[in-house]
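**Student:** Let me see the structure of the following:
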Amino acid sequence: MPDPKAPILIELEEEGGNPADAAPIDDLPQGEAMQRAVRLAGRPPSALVRLFWVAATGFLTIVLSVAAWDFVMGLLTRVPVLGAVAGVLLVLLGLAALGVALREVAAFARLARLDGLRQGVEAALISGDLAAARVLARRLSQLYAGRGELVAARDRLSAREDDLFDVPALFDLAEAELMAPLDTLARAEVEAAARQVAAVTAFVPLALADVIAALVANLRMIRRIAEIYGGRAGTLGAWRLTRSVMAHLVATGAVAMGDDLVGTAAGGGILSRLSRRFGEGLVNGALTARVGVAAIEVCRPLPFRALPRPRTAALVSRALTGLFGSAGR
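**Tutor:** This is a model prediction of the structure:
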């Protein structure tokens, strides 16, 4: 019988590998909430899904309209006074629905106007057509005719545009005068959204709450950025614009967690001193800033030339400074 106190020798069938060759454990936060929100918003619906919603919307509209009409007619027969009130309310409801539809159409038209301006500017820069460039500069100035903070900028542009005979110089002047204050407002919106997403992710432990909060915050941010640049969008227009921004990020892989974003959010190794939840908050905030930069580029009627392009690192630094300061100590 073997001695129970004797050492036990276990023979391995194969020689083990070098521990140094093992793959490192990736324990850095990856911003899962923001990545899921971006992929959810940027996923294009299939033709079958679009057909389903068109058919369902049309069918429900017919059913509800006929049911409402029959209800009002029956009520008029039984109780004329209540029937008359119901009829008036039905007419008001129809007018309100028509107003909402017209508002959505106008919102799509505003977004299309921004796209048209940007495409025209890019074409004029390529062709060097000075006459077309001056027309576009006036259209751009007219776009912001109702903005009180741009009155002086529009006056300066109008006073100097006829003295410039170079297309890039004309657009650089328009960008410097009109886009600078708008860029400041757009950056502030991105910073606020990044701060909100980071805080919700860090402090709300409910399942899927961070994904919903990230999606709502990004929808609001993209809509506000469009409004800042003159493309105030309705509900459907904002959702379509959001899908365009998110789809672009997914297609280019910009939403993926990369080394540059790790460095941006880490700030010299702070992620190693934070809890996992706070680290996720930092990364989700940084990803939100990246979405905001993409939204600025999509909504801005002029490409970045004379003014610097917003940098994700700078936006995240300003947005998240002090938010997790106590956690990192």
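**Student:** quick one: buried residues of stretch 180-193?
**Tutor:** By neighbour count with 16 or more other CB atoms under 10 Å, stretch 180-193 contains the buried residues 181, 182, 183, 186, 187, 189, 190, 191, 192, 193. (C-beta placed from N, C-alpha, C; glycine too.)
**Student:** Would you mind pulling the contact partners of it?
**Tutor:** For stretch 180-193, the surrounding residues in contact (CB atoms under 8 Å, 6 or more residues apart in numbering) are 149-150, 153, 217-218, 220-221, 224-225, 228-229, 288-289, 292-293, 295-296, 299-300, 307, 310, 315, 318-319.
**Student:** Quick one: distance of it to the chain centre.
**Tutor:** Relative to its chain's centre, stretch 180-193 lies at 13 Å (CA atoms, centre = their mean, to the nearest Å).
**Student:** and that stretch, what's its mean pLDDT?
**Tutor:** For stretch 180-193, mean pLDDT is 91.
**Student:** Residue 67: how many residues sit nearby?
**Tutor:** For residue 67, the neighbour count with other CB atoms under 10 Å is 10.
**Student:** what pLDDT does it get?
**Tutor:** Residue-level confidence at residue 67 comes out at 89, pLDDT.
**Student:** quick one: which helix or strand includes it?
**Tutor:** helix 47-78 (DSSP states H and E).
**Student:** hang on, residue 120 packs against residue 132?
**Tutor:** Yes. Look at residue 120 against residue 132 with CB atoms under 8 Å: they come within range, at 7.1 Å.
**Student:** Buried residues in the helix holding residue 67, which are they?
**Tutor:** 68, 72, 75.
**Student:** Out of these, which comes closest to residue 98?
**Tutor:** For the buried residues of helix 47-78, the closest approach to residue 98 (CB to CB) belongs to residue 68, at 15.1 Å.
**Student:** that older thread, quick one: which of residue 120 and residue 132 has more around it?
**Tutor:** Set residue 120 next to residue 132 and count neighbours by other CB under 10 Å: residue 120 wins out with 18 against 15.
**Student:** give the contact list for that one.
**Tutor:** Taking CB under 8 Å, 6+ apart, we find residue 120 in contact with 132, 136.
**Student:** Please report the distance of it from residue 210.
**Tutor:** Distance, residue 120 to residue 210, using CB to CB, to the nearest Å: 41 Å.
**Student:** again with residue 304
**Tutor:** Taking CB to CB, one finds residue 304 at 32 Å from residue 210.
**Student:** which one of those two has more residues nearby?
**Tutor:** Set residue 304 next to residue 210 and count neighbours by other CB under 10 Å: residue 210 wins out with 27 against 14.
**Student:** Check the buried residues of helix 47-78 against residue 102 and report the nearest one.
**Tutor:** Distances from residue 102 to the buried residues of helix 47-78, taken by CB to CB, are shortest for residue 68, at 21.0 Å.
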